[in-house]
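Visitor: give me a 3D structure for the following:
(chains A and B)
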Amino acid sequence: MSTTAHGSQPPVGAVFSALSDPTRRQVVELLSQRPSVTASELAHELPITRQAIAKHLTTLADAGLVSAAHEGRETRYRLTPEPLSDAMQWMATAGSRWDSRLARLARRLEEA
Amino acid sequence: MAIEDVAVRREIVLPVDRETAWSALTEPEELARWLADEVELEIEPGAEGSLRWADGERCPVVVEEVVERRRIVLRWAEIDGPETLVEFVLDDVPQGTRLVVVELPVSQLEVVGQWLEQGPGVLGGPQMAAALV
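Guide: From the prediction side, this is the model:
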């Protein structure tokens, strides 16, 4: 899988896990619409506290989906979507593996 | 993001009866003809075994659930991939037997839980496949 190519990338499982929360998926969507945001900016757009948003951003950062940069007194977050493509890659790989396995199964049973 | 975005689902109608389809899913020598190149696995609840593919990848497997002639749930992690649950469900259809396969990263069970009622079993409720139909 493509995780190997990235070496230190968090595993695909961490990405799926980070995205299993609907609020975090919303955060990812908002981040994808602009170059960078602060936790306070996100708090204006989402019905949760700045503290809760900061926690979600940390989880996303741990999964490699978000990076944080300190600018003066504020921390700006931006989307780093590469691990997302690893997750998509898993879906594609797993899907094509099942396509060939099931084709083999169907052939086997048609012969039998 | 919907459940379709986090699970792989495939469906195929096999031109055989349930009994034959069940054998193809449960007998190691049958599994070795389509699922993997080497199969060391008894399809019994709690059984541990392994699969190996021609490219050398060896993958430990746990049998999580077996419902005779109906349903099998395996848990495995292919190399570099996330740990996943793989569910097979068989159904009678006029043309033979329908097989639904769902593969879902274990980390996504939480998402599935939003669609399913809480209940016994590793999936915490009814079948993954049912949730995806």
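Visitor: measure how buried A:D62 is and give me the count.
Guide: A:D62: 13 surrounding residues under other CB atoms under 10 Å in any protein chain shown. (Each C-beta comes from the backbone N, C-alpha and C, glycine too.)
Visitor: buried ones in the lengthiest helix in chain B?
Guide: Longest helix in chain B by number of residues (criterion: DSSP state H): helix B:18-26. Within helix B:18-26, the residues that count as buried by 16 or more other CB atoms under 10 Å in any protein chain shown are B:18, B:20-26.
Visitor: return only those of the residues you listed found close to chain A.
Guide: B:20-21, B:24 (CB under 8 Å from any CB of the partner chain).
Visitor: closest to B:D92 out of these?
Guide: Among those, B:A21 lies closest to B:D92 (CB to CB), at 9.7 Å.
Visitor: what segments of chain A are helices?
Guide: A:3-6, A:12-18, A:22-31, A:39-45, A:50-62, A:82-111.
Visitor: which of these has the highest mean neighbour count?
Guide: Among these, ranked by average contacts under mean count of other CB atoms under 10 Å in any protein chain shown, first place goes to helix A:12-18 (a mean of 24).
Visitor: and that one, what's its mean pLDDT?
Guide: Helix A:12-18 comes out with an average pLDDT of 81.
Visitor: please apply the same query to stretch B:104-124.
Guide: Here stretch B:104-124 scores 58 as its mean pLDDT.
Visitor: now tabulate the ones next to chain A among the buried residues of helix B:18-26 in JSON lines and tack on distance to A:I48 and pLDDT.
Guide: As requested, those are exported to JSON lines (distance: CB to CB, whole Å; pLDDT from 0 to 100):
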{"residue": "B:T20", "distance to A:I48": "53", "pLDDT": "96"}
{"residue": "B:A21", "distance to A:I48": "48", "pLDDT": "97"}
{"residue": "B:A24", "distance to A:I48": "49", "pLDDT": "97"}
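Visitor: just these now: which is nearest A:H70?
Guide: Of these, the one sitting nearest to A:H70 (CB to CB) turns out to be B:A24, at 58.2 Å.
Visitor: tell me the contacts of the closest one?
Guide: Applying CB atoms under 8 Å, 6 or more residues apart in numbering or on different chains, we find B:A24 in contact with A:105, A:108-109, B:14, B:16, B:30-31, B:33-34.
Visitor: sheet partners, orientation included, of the helix or strand that contains B:D92?
Guide: Assigned by DSSP states H and E, B:D92 belongs to strand B:84-93. Applying DSSP bridges, strand B:84-93 is found paired with strand B:71-76 (antiparallel), strand B:96-105 (antiparallel).
Visitor: pull out the buried positions in that strand.
Guide: Quick answer for strand B:84-93 (16+ other CB under 10 Å): B:84-90.
Visitor: give me the nearest residue to residue 43, chain neighbours excluded.
Guide: Since no chain was named, I'll use chain A. Nearest residue to A:A43, sequence neighbours excluded (CB to CB, 6 or more residues apart in numbering or on different chains): A:R50, at 4.2 Å.
Visitor: other chain: chain B
Guide: Using CB to CB, 6+ apart, the closest residue to B:I43 is B:T26 (4.2 Å).
Visitor: please apply the same query to B:E64.
Guide: Setting aside the residues directly before and after it, B:E64 is nearest to B:V73 in space (CB to CB, 6+ apart), at 4.2 Å.
Visitor: for chain B, what spans make up the strands?
Guide: Ranges of strands within chain B are B:8-14, B:38-40, B:48-52, B:58-67, B:71-76, B:84-93, B:96-105, based on DSSP state E.
Visitor: isn't B:T26 up against B:R70?
Guide: No. Judged on CB atoms under 8 Å, B:T26 makes no contact with B:R70 at a distance of 11.4 Å.
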